[in-house]
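Trainee: sequence unknown, structure follows:
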């Protein structure tokens, strides 16, 4: 095990599958204490078992990004176990409204905004003051290339990710005085449940 993130505490949302799973395992391999968060507790525990089998330390915590009470509980569980947070990876996201804009239901729109935009804002904004009190930290918001170059049939998904890009820029400005660095990643397409499902839904 390496030590680039030795004793740092990292929360990874959507941390049990795809890119989030890879990041959870990668941080742990570099010595971080990782909080693996996603909707399904069993999936979180599976990743935690891999980390612990390799000599690492991790916490599995089920949380829905669209439910602020779940995010409050995630924060408190992390502080109860590890006493601090150094890095937040806002990776969780959904695309349940793939298709023409005229076919998107208000319910699907609200769900996308809740998980992809409100959730990352809420979790980061509740953590940031505490991170600042502890000397600072880092927030990484995972966007999508769709936030930069919007494709047809992904309008709502792209809009939420573009909104998260704007929030990232505001977070970086507002939290710099707390010594919190805020960045965004905008991955292109790669095999994952989210991407593969969207491709299958192409009309």
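Mentor: Perfect, thanks for sending it. These numbers come from a predicted model, not from an experiment. Numbers count the residues shown, from 1 in each chain.
Trainee: and the closest residue to residue 78 other than its chain neighbours, what pLDDT?
Mentor: Computed as C-beta to C-beta, 6 or more residues apart in numbering, the closest residue to residue 78 that is not its neighbour in sequence is residue 35, at 5.1 Å. Yep, even glycine has a C-beta here, placed from its N, CA and C like the rest. Note on residue 35: pLDDT of 98.
Trainee: Surely residue 35 is in contact with residue 9?
Mentor: Yes: with contact taken as C-beta atoms under 8 Å, residue 35 and residue 9 are classed as touching, separated by 7.1 Å.
Trainee: shared neighbours of the two, which are they?
Mentor: In terms of C-beta atoms under 8 Å, 6 or more residues apart in numbering, residue 35 and residue 9 are both contacted by the residues 78, 82.
Trainee: Those two: who's more crowded?
Mentor: When neighbours are counted by other C-beta atoms under 10 Å, residue 35 and residue 9 differ, and residue 35 comes out ahead with 30 against 24.
Trainee: mind listing the strands in the chain by residue range?
Mentor: Remark: strands assigned in the chain by DSSP state E are 9-13, 33-38, 58-62, 87-90, 137-142, 180-185.
Trainee: As TSV, those with distance to residue 51 would be great.
Mentor: As requested, the strands of the chain are exported to TSV (distance: least, C-beta to C-beta, whole Å):
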stretch	distance to residue 51
strand 9-13	11
strand 33-38	6
strand 58-62	4
strand 87-90	15
strand 137-142	19
strand 180-185	22
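Trainee: Out of those, which is closest to residue 124?
Mentor: Ranking the strands of the chain by their distance to residue 124 (criterion: C-beta to C-beta) puts strand 137-142 first, at 5.1 Å.
Trainee: The closest one: partners in the sheet, and parallel or antiparallel?
Mentor: Note on strand 137-142: by DSSP bridges, its sheet partners are strand 87-90 (parallel), strand 180-185 (parallel).
Trainee: Could you list the low-confidence segments of the protein?
Mentor: Within the chain, the stretches falling below the threshold (pLDDT under 70) are 1, 190-203.
Trainee: Run through the helices of it in chain order.
Mentor: In the chain, the helices defined using DSSP state H lie at 18-29, 41-53, 68-82, 106-113, 119-133, 155-175, 193-200.
Trainee: Could you say which of these is packed most deeply?
Mentor: Between those, the one whose residues have the most neighbours on average, counting mean count of other C-beta atoms under 10 Å, is helix 18-29 (a mean of 22).
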